[in-house]
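Novice: Have a look; sequence and predicted model below, questions after that.
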Amino acid sequence: MDISSFGITGVASITAICFLVAEIIKATKLNKKWIPPICGILGGVMGPIAMKIIPSASDILPAVAVGIVSGLSATGINQTYKQLTRR
């Protein structure tokens, strides 16, 4: 299995969900340093779930890896936006 078997929709879906969870966490009193690990773990859990939904995906380890990277990219997207809009 390679990342193309997940398709752009699977990866984008995991990233969007992790981004939403990160935004929800920011509204709590939880220390913000925990957001990237939480997003990575959430993405790692969602990868195999997406693998079961997407019929062309068949290997669990790459599914977990794609999920983790997708989850962590959610925090990267947020930070990129913050840095570009900061004056």
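Specialist: Sure, I can see it. What you see is a predicted model, and the numbers here were worked out from it, not measured in a lab.
Novice: which one is the spatially most central residue of the chain nearest to, not counting chain neighbours?
Specialist: Computing the C-alpha centroid of the chain and ranking residues by C-alpha atoms, centre = their mean puts residue 71 first, at 1.7 Å. Leaving aside its sequence neighbours, residue 71 sits nearest to residue 43 (C-beta to C-beta, 6 or more residues apart in numbering; 2.1 Å). Every C-beta, even on glycine, is put in place using the N, C-alpha and C of the backbone.
Novice: what about that neighbour, neighbour count?
Specialist: Neighbourhood size, residue 43 [other C-beta atoms under 10 Å]: 27.
Novice: Same question for the one 4 residues further on.
Specialist: By the other C-beta under 10 Å criterion, the neighbourhood of residue 47 contains 26 residues.
Novice: ok, now residue 67?
Specialist: By the criterion of other C-beta under 10 Å, residue 67 has 28 neighbours.
Novice: Using just helix, strand and coil, how would you label it?
Specialist: The local conformation at residue 67, judged by DSSP: H, G, I helix; E, B strand; the rest coil, is helix.
Novice: Many thanks, we can stop here.
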